[in-house]
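Q: Sharing a model that was predicted from the sequence below.
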Amino acid sequence: YHPLFREFLQAQLQSNFPERVEELHRRVSDWFEQNGMVMEAIQHAFAIPDYELAARLVSALAPAYLKRGELVTLRRWLEALPESVTWNEPRLCLTQAWLLLDSNLQIDAQNYFDRLGTFLERNLRGEFLAVRALHAAMTHQPELAMKYVKRAQKSAEAKDPFIQTYVSFGLGAAQKMGLNFFQAEQSFRDSLALADADGNSYLAIASLINLADVLYLQARLFDAENVCRQALKRFADSTPDACHWYWTLGRIYYQRNELESGLEVTDHAIELSADAQDRLMHARTLLQRALIHYALDRKKPALADLDEADQLARGLQEQVILRAVIRQRVLFAVEDGEIESARRWLKALSEYGEQPFPFYNAYARGRVLLAEKNFREAQSQFASALKDLEDADYALVRIEVLVGQAVSLGALGKIAEAEQVLKRAVKAAQTEKIVRPFLDAPPGLQDWIDQ
């Protein structure tokens, strides 16, 4: 009917036959469900309201909606249900856990597992273990994540395509957090293939995001760029997660010192992450733009981006991005010759601990020590960072640390040793056109090269 006539009829119904409204909603809901239109049935179940009926109908649709990435609708439905009803439906509980992880609410997810873990493992064991593996990886517990992955692989549901996809992705996440990026790459390629075969666009997108990231972290910039381009060609900006691929392109351009191109794609990543209300990604993209602004000698906007990223990071349930922001404040202060400020930021950084990636803090300390002309202690910090990176596939960070170590060795007069270290850095960087670690090198690199 015409909307105005429909409103008139509904007003007449409410006025003349209010006692029939619930019955009609129930009949309509039943008819929609029997005819395969479950989403429409859910609307009438909530209108009654019959929360038990709504919960049963939402449970039926949840896996398909999760696979398609229709998380906004799932969140709306779950928020409309009383917790007492949700907790009686294992599928809804597990869906809520997925939504918490998607929002980077790791603490809330842990509380959820503490309260409902036994119930979920008893009813949806394979998927529950895959969720636990992903949560452990996101909270930087790679060994625990691997434990859950292995248990999921042995579960009765392990051959289900839906479970296989998530187990493979969870394995990649565990390997990534353990800095085994080469192995993680294969796992994410596997989860991408499984997701595509099962029509799981949500996990296909997540796999492509992580695949591009682990390639970038291995300093394989051309491969990472190809993955980003392919993903954007496939999904364009139709997914809010496109900000991840633009962010990685911004990082790639930065490493090649193609700063204006980097700024353009990073600006777009910032817009998309803001539109998606993804605070973690918004903080990451702002941090990346700060690096580009600083490299372009635009220090005021660089610091403004750091301030905004800092504010966002302090409201998150994980501190890795906050530590990255503080660490960058240390490095900017060193570059500006503000040694006392660098010391204060370094002290603030130390308050958040060393784990899970102690080499970051060691590198920051090394840079401050170099600025203080304490070359021996600086060299010791860079050596410590390289030792922590020994079994990791983190080639990009290793290049930065090698450059720092070369400078400290050169300052100590160990020119031959410094040259060997620098050659290692150049060899790792040259095929991928990586130049920023050398442009951002501590003062002194060019001095002893020229000797």
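A: Here it is on my side, so go on. Numbers count the residues shown, from 1 in each chain.
Q: The stretch 51-200 of the chain: helices as residue ranges?
A: Taking DSSP state H, counting those that start in this stretch as the criterion, the stretch 51-200 of the chain carries its helices at 51-68, 71-80, 83-86, 90-102, 106-123, 125-138, 142-153, 161-177, 181-198.
Q: Can I get those helices in JSON lines including mean pLDDT and distance to I326?
A: C-beta coordinates here come from the backbone N, C-alpha and C atoms, glycine included. Formatted as JSON lines, those follow (pLDDT from 0 to 100; distance: least, C-beta to C-beta, whole Å):
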{"stretch": "helix 51-68", "mean pLDDT": "93", "distance to I326": "35"}
{"stretch": "helix 71-80", "mean pLDDT": "94", "distance to I326": "31"}
{"stretch": "helix 83-86", "mean pLDDT": "91", "distance to I326": "37"}
{"stretch": "helix 90-102", "mean pLDDT": "92", "distance to I326": "25"}
{"stretch": "helix 106-123", "mean pLDDT": "89", "distance to I326": "20"}
{"stretch": "helix 125-138", "mean pLDDT": "92", "distance to I326": "21"}
{"stretch": "helix 142-153", "mean pLDDT": "94", "distance to I326": "24"}
{"stretch": "helix 161-177", "mean pLDDT": "94", "distance to I326": "21"}
{"stretch": "helix 181-198", "mean pLDDT": "96", "distance to I326": "24"}
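Q: Let's have these in JSON lines, adding mean neighbour count and distance to L409.
A: Shown next, in JSON lines, are those (neighbours: other C-beta atoms under 10 Å; distance: least, C-beta to C-beta, whole Å):
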{"stretch": "helix 51-68", "mean neighbour count": "19", "distance to L409": "52"}
{"stretch": "helix 71-80", "mean neighbour count": "15", "distance to L409": "51"}
{"stretch": "helix 83-86", "mean neighbour count": "14", "distance to L409": "60"}
{"stretch": "helix 90-102", "mean neighbour count": "21", "distance to L409": "44"}
{"stretch": "helix 106-123", "mean neighbour count": "16", "distance to L409": "40"}
{"stretch": "helix 125-138", "mean neighbour count": "25", "distance to L409": "36"}
{"stretch": "helix 142-153", "mean neighbour count": "20", "distance to L409": "32"}
{"stretch": "helix 161-177", "mean neighbour count": "25", "distance to L409": "32"}
{"stretch": "helix 181-198", "mean neighbour count": "20", "distance to L409": "27"}
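Q: Let me have these in a markdown table, adding distance to L13 as columns.
A: Compiled in a markdown table, the helices of the stretch 51-200 of the chain are given as follows (distance: least, C-beta to C-beta, whole Å):
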| stretch | distance to L13 |
| --- | --- |
| helix 51-68 | 21 |
| helix 71-80 | 23 |
| helix 83-86 | 28 |
| helix 90-102 | 32 |
| helix 106-123 | 41 |
| helix 125-138 | 43 |
| helix 142-153 | 51 |
| helix 161-177 | 42 |
| helix 181-198 | 44 |
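Q: And those helices: which comes nearest E225?
A: helix 181-198 (14.8 Å; C-beta to C-beta).
Q: and whichever helix or strand comes after the closest one with helix 181-198, angle?
A: Downstream of helix 181-198, the first helix or strand assigned by DSSP states H and E is helix 201-217. If you take axes from the mean of the first three to the mean of the last three C-alpha atoms, to 10 degrees, helix 201-217 sits at 160 degrees to helix 181-198.
Q: Tell me the helices and strands packed up against helix 201-217.
A: Secondary-structure packing of helix 201-217 (3 or more C-beta pairs under 8 Å, 6 or more residues apart in numbering; DSSP states H and E): helix 51-68, helix 161-177, helix 181-198, helix 221-235, helix 242-255, helix 395-411.
Q: Can you tell me which of the ones you listed is nearest to V368?
A: helix 395-411 (11.1 Å).
Q: Name the spans of this protein whose pLDDT lies under the cut-off.
A: Counting by pLDDT under 70, the chain contains low-confidence ranges at 446-451.
Q: neighbouring contacts of stretch 56-68?
A: Applying C-beta atoms under 8 Å, 6 or more residues apart in numbering, the contact partners of stretch 56-68 are 29, 33, 38-39, 41-42, 45, 71, 73-74, 77-78, 81, 89, 91-92, 95, 98, 162, 198-203.
Q: meant to ask about stretch 419-428, not that
A: Taking C-beta under 8 Å, 6+ apart as the rule, stretch 419-428 contacts 219, 395, 398-399, 402-403, 405-406, 409, 434, 437-438, 445, 449.
Q: If we use 10 Å, what do you get?
A: 219, 382, 386, 395-396, 398-410, 414, 434, 437-438, 441, 445, 448-449 (C-beta atoms under 10 Å, 6 or more residues apart in numbering).
Q: Now Q277. Its backbone dihedrals?
A: Main-chain dihedrals, Q277, degrees, to the nearest 10: phi 60, psi 40.
Q: actually Q355, sorry about that
A: The phi/psi pair for Q355 (degrees, to the nearest 10) reads phi -80, psi 150.
Q: just use 56 as the starting number from now, easier for me
A: Happy to do that; since the first residue is 56 now, the last one works out to Q410.
Q: give the contact list for the residue lying closest to it once chain neighbours are set aside.
A: Excluding the flanking residues, the one nearest Q410 by C-beta to C-beta, 6 or more residues apart in numbering is H195, at 7.3 Å. Residues in contact with H195 (C-beta under 10 Å, 6+ apart) are Q161, M232, G233, E373, Q374, V375, Q410, P411, F412.
Q: Run a quick neighbour tally on the closest residue to G392 other than its chain neighbours.
A: Once flanking residues are discounted, G392 sits nearest to A426: 7.6 Å by C-beta to C-beta, 6+ apart. A426 has 19 neighbouring residues, counting by other C-beta atoms under 10 Å.
Q: Would you quantify the distance from A426 to I307?
A: Separation of A426 from I307 (C-beta to C-beta, to the nearest Å) stands at 29 Å.
Q: Include distance to W400 when you put the helices and strands packed on helix 256-272 into JSON lines, please.
A: Putting those into JSON lines (distance: least, C-beta to C-beta, whole Å) gives the following:
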{"stretch": "helix 106-123", "distance to W400": "41"}
{"stretch": "helix 216-232", "distance to W400": "26"}
{"stretch": "helix 236-253", "distance to W400": "29"}
{"stretch": "helix 276-290", "distance to W400": "29"}
{"stretch": "helix 297-310", "distance to W400": "21"}
{"stretch": "helix 450-466", "distance to W400": "17"}
